[in-house]
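**Q** Predicted model follows, preceded by the sequence.
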Amino acid sequence: MKTFKNKSIIITGAAMGLGYATAKFLAEKGADLTLVDFNKEKLEETAKELKDAFSIRVVSVVADVSKEESVKEYVAKAKEAFSKIDGFYNNAGIEGRQADMVDYDLDVFKKVIDINLMGVYYGLRYVLPELVANGGGRIVNVASVGGIRGVLNQTPYVASKHAVAGMTKNAALEYGKHQIFTNAIAPGAILTPMVAEAFKQVNPDDPKAAEADYAQRNPTRRLGKPEEVASLVAYLLSDDCNYVNGQVIAIDGGESNMYGNA
Ligand code: NAD
């Protein structure tokens, strides 16, 4: 894969999990990074770690992606620091609580939609014009297997991730003429803090048992690793990704192809 030297990349949800893993992967390849997260403490830790380890330029912006003004601000800060934007990992998202569709708490429902759908949309709204000005670029939105399949007890999550898949296709159609390639990834269960929390909800007494049970149902008999996702995202953000556009790419060990037990 080509170097990311002099490539200005924005990553949302960069403090932990999939965002952190991709930030580290791109830092190793020399990218100029704008890291965005609403967890100030963890974000600062990540920014310092990557600057110290890889001697790269890092800007960190504490922002909630569901607030339009905050999105404008992180885009402006990236532009101010690196004078351009080449790539955008539109990753920040939450799962919400797990509950039957009819009983789902409406405040949580709206929060999931605000972050996962509106947050991704605001990102596209303010980054796309910068990529046009740049003469092209790459966007990776984060959907989920829940963006291509139903997932029990996660109605707003599934609704928001299907919306991410839809917005990806539209961005690809509307902005391909500017040499902007927009794709989405659809991860299965990748062991991050978000997924660890989900296993606690499934089995509060023994989350590790819930994890083992889940892994057993995957064709590979294991969960995915954040670094495996980072490597796919890095390809989609690189100049090597030159004609893949509007795709929703599952990275789930093949699980979304399964009908019944493997
Ligand atoms: P995580 O909870 O481990 O990390 C998410 C990061 O995003 C955290 O640092 C959090 O502080 C930040 N964040 C959340 N809401 C934010 C907001 N409103 N504004 C700014 N920052 C915010 O989660 P993860 O597993 O790394 O998930 C990252 C993305 O991948 C999410 O969109 C998630 O839906 C998606 N995803 C994850 C998995 C998985 O198995 N881990 C599977 C499918 C999809």
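**A** Alright, I've got the coordinates.

**Q** Enumerate the residues of the stretch 51-200 of the chain near the ligand.
**A** Selection of the stretch 51-200 of the chain residues close to the ligand by C-beta under 6 Å from any ligand atom yields 64-66, 91-94, 115, 119, 142, 144, 187, 189-190, 192-195. In short, each C-beta sits where N, CA and C put it, glycine included.

**Q** When you filter these down to buried only, what's left?
**A** 65-66, 91-94, 115, 119, 142, 144, 187, 189-190, 192, 194-195 (16 or more other C-beta atoms under 10 Å).

**Q** Select, from the residues you listed, the two members most distant in space.
**A** Ser66 and Ala189 (24.4 Å; C-beta to C-beta).

**Q** rewinding a little: which of the buried ones among the residues of the stretch 51-200 of the chain next to the ligand has the weakest pLDDT?
**A** In this model, the minimum pLDDT among these belongs to Met194 (89).

**Q** Return the set of buried residues in the strand or helix carrying that one.
**A** Per DSSP states H and E: Met194 is located in helix 193-202. Across helix 193-202, burial judged by 16+ other C-beta under 10 Å covers Met194, Val195, Ala198, Phe199.

**Q** Any chance of CSV for those, columns distance to Ile251?
**A** Formatted as CSV, the buried residues of helix 193-202 follow (distance: C-beta to C-beta, whole Å):
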residue, distance to Ile251
Met194, 15
Val195, 14
Ala198, 17
Phe199, 19
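
**Q** ok, so of those, who is nearest the ligand?
**A** If you rank the buried residues of helix 193-202 by distance to the ligand using C-beta to the nearest ligand atom, Met194 comes first, at 3.2 Å.

**Q** hang on, that closest one packs against Gly17?
**A** Yes - because the distance of 5.9 Å satisfies C-beta atoms under 8 Å, Met194 is recorded as touching Gly17.

**Q** do you know how far the closest residue to Tyr214 other than its chain neighbours is from Asn90?
**A** Nearest non-adjacent residue to Tyr214, counting by C-beta to C-beta, 6 or more residues apart in numbering: Ala189, 5.8 Å away. In this view, Ala189 and Asn90 are 21 Å apart by C-beta to C-beta, to the nearest Å.
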